[in-house]
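Colleague: next come a sequence and a model predicted from it.
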Amino acid sequence: MSADRIDTAPWTGRTDPEADTLRWHQAIRPLGAAAPGVAVLGFACDEGVRRNHGRSGAAAAPTAIRKALANLAWHREGPAYDAGDVCCEDGDLDAAQTRLAENVSALLATGHLPIVLGGGHEVAWGSWQGLARHLATLESAPRIGIVNFDAHFDLRDPAHAHSSGTPFAQIAEDCAARGWPFRYACLGVSRASNTRALFRRATELDVLIREDREITPMSLAQIGRELDAFIGVCDHVYLTIDLDVLPACEAPGVSAPAARGVSLALLEPLVEHVRDGDKLRLADLAELNPAFDIDQRTARVAARLIHTLTLNG
Ligand SMILES: N=CN[C@@H](CCC(=O)O)C(=O)O
Ligand SMILES: [Mn+2]
Ligand SMILES: [Mn+2]
């Protein structure tokens with residue numbers, strides 16, 4: 001399986017003359033037959049955002065994230081690879097998500113930790129299918145926990161149209177069809193941005209919900225323990241970060257900027273909980289829209305989160 005497009009152009013940045021000054025652009029390698037490591041894979045698609053009546057532009061996000069990541073200091077021991085981009089052609093979202101899933105499952109089968117660079121949050125349906133396809137070859141009913149940092153549940157009814165607003169409802173249906181448990185934590189939810197119907201669906205699906213206003217410096221340790229307990233009853237974790245969980249001042253470059261949001265200073269320690277649980281199999285970042293970004297602020301946050309997620313190993 002291979003991606004639709006390989007673009008090495010974003011991997012440029014500062015080169016220092018001193019020793020031990022590596023940055024990502026100097027360390028990352030094209031994917032090849034090599035030791036398992038972190039593998040970034042782009043999903044250049046905003047068809048789901050368009051269908052969800054959002055602001056198009058997230059298809060350009062993988063390149064913008066790579067550019068921001070390129071210049072960050074390299075602190076890893078293990079390798080990192082660029083697996084290229086999956087693109088959405090002619091609005092065929094299902095086909096793009098299927099190709100994403102094929103690439104993700106191939107990376108998992110060769111021992112990599114895939115980090116998918118969305119794309120609208122429709123990336124999650126492709127990411128999930130890749131993880132499910134891989135785990136189904138190993139276990140009959142894998143216990144997968146989905147941790148979504150997001151201002152939105154993205155549990156809209158998929159019967160109308162598959163979009164950036166439906167991926168976790170699609171996953172819930174998929175789990176039911178497979179006889180797998182659906183375990184979903186959605187942290188950073190804005191009550192003002194999700195209808196009563198969405199809150200009801202989340203409650204029916206037994207979603208672990210923490211609203212944006214509940215995540216404070218005082219509650220951080222407690223929410224970390226709740227996250228640990230959630231992860232504790234799973235064997236595998238899929239982490240998905242919708243950048244619109246951050247306040248608009250920290251992440252202006254998204255389709256639906258957050259009036260309140262959860263700041264990076266609170267988000268990052270929670271992401272570290274997920275990282276350090278030893279169960280993380282797959283992560284993606286969604287909804288960066290470079291057309292609305294200011295001085296690469298949102299792309300820099302995305303890159304910082306990748307740096308944090310991949311710091312160990
Ligand atoms: N992935 C985005 N989901 C949100 C978008 C909300 C908005 O555009 O205002 C949702 O469908 O609720
Ligand atoms: Mn969102
Ligand atoms: Mn979302």
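Modeller: Everything's here; your move. In this text the structure is predicted, and so the values were computed from the model without any measurement. Ligands and ions are numbered 1, 2, ... in the order given.
Colleague: what about the helices in this protein?
Modeller: Using DSSP state H, the helices of the chain run over 24-27, 47-51, 61-70, 93-109, 123-136, 167-178, 196-204, 220-232, 264-276, 297-309.
Colleague: those helices into JSON lines, with extra columns for mean neighbour count, mean pLDDT and distance to ligand 1?
Modeller: All C-beta atoms are positioned from the backbone trio N, CA, C, and that covers glycine. JSON lines is the format used below for these (neighbours: other CB atoms under 10 Å; pLDDT from 0 to 100; distance: least, CB to the nearest ligand atom, whole Å):
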{"stretch": "helix 24-27", "mean neighbour count": "18", "mean pLDDT": "98", "distance to ligand 1": "27"}
{"stretch": "helix 47-51", "mean neighbour count": "25", "mean pLDDT": "98", "distance to ligand 1": "7"}
{"stretch": "helix 61-70", "mean neighbour count": "26", "mean pLDDT": "98", "distance to ligand 1": "13"}
{"stretch": "helix 93-109", "mean neighbour count": "22", "mean pLDDT": "98", "distance to ligand 1": "13"}
{"stretch": "helix 123-136", "mean neighbour count": "24", "mean pLDDT": "98", "distance to ligand 1": "9"}
{"stretch": "helix 167-178", "mean neighbour count": "19", "mean pLDDT": "98", "distance to ligand 1": "8"}
{"stretch": "helix 196-204", "mean neighbour count": "14", "mean pLDDT": "98", "distance to ligand 1": "7"}
{"stretch": "helix 220-232", "mean neighbour count": "15", "mean pLDDT": "97", "distance to ligand 1": "22"}
{"stretch": "helix 264-276", "mean neighbour count": "18", "mean pLDDT": "97", "distance to ligand 1": "17"}
{"stretch": "helix 297-309", "mean neighbour count": "22", "mean pLDDT": "98", "distance to ligand 1": "15"}
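Colleague: which one of those helices lies closest to residue 16?
Modeller: Closest to residue 16 of the helices of the chain is helix 24-27 (CB to CB; 9.7 Å).
Colleague: so what touches that closest one?
Modeller: Helix 24-27 is contacted by residues 11, 12, 13, 15, 69, 70, 71, 72, 74, 76, 79, 80 when judged by CB atoms under 8 Å, 6 or more residues apart in numbering.
Colleague: pull the CA atoms of that helix into CSV?
Modeller: Only the C-alpha atoms of helix 24-27 are listed here, as CSV (Å, rounded to 0.1, in the frame of the first residue of the first chain):
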residue,chain,number,x,y,z
TRP,A,24,12.8,17.2,12.5
HIS,A,25,13.6,18.2,8.9
GLN,A,26,17.0,16.6,9.4
ALA,A,27,15.9,13.5,11.1
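Colleague: so who does the closest residue to residue 217 other than its chain neighbours touch?
Modeller: Counting by CB to CB, 6 or more residues apart in numbering, the nearest residue to residue 217 once its immediate chain neighbours are dropped is residue 266, at 7.0 Å. Contacts for residue 266 (CB under 8 Å, 6+ apart) come out as 215, 216, 217, 220.
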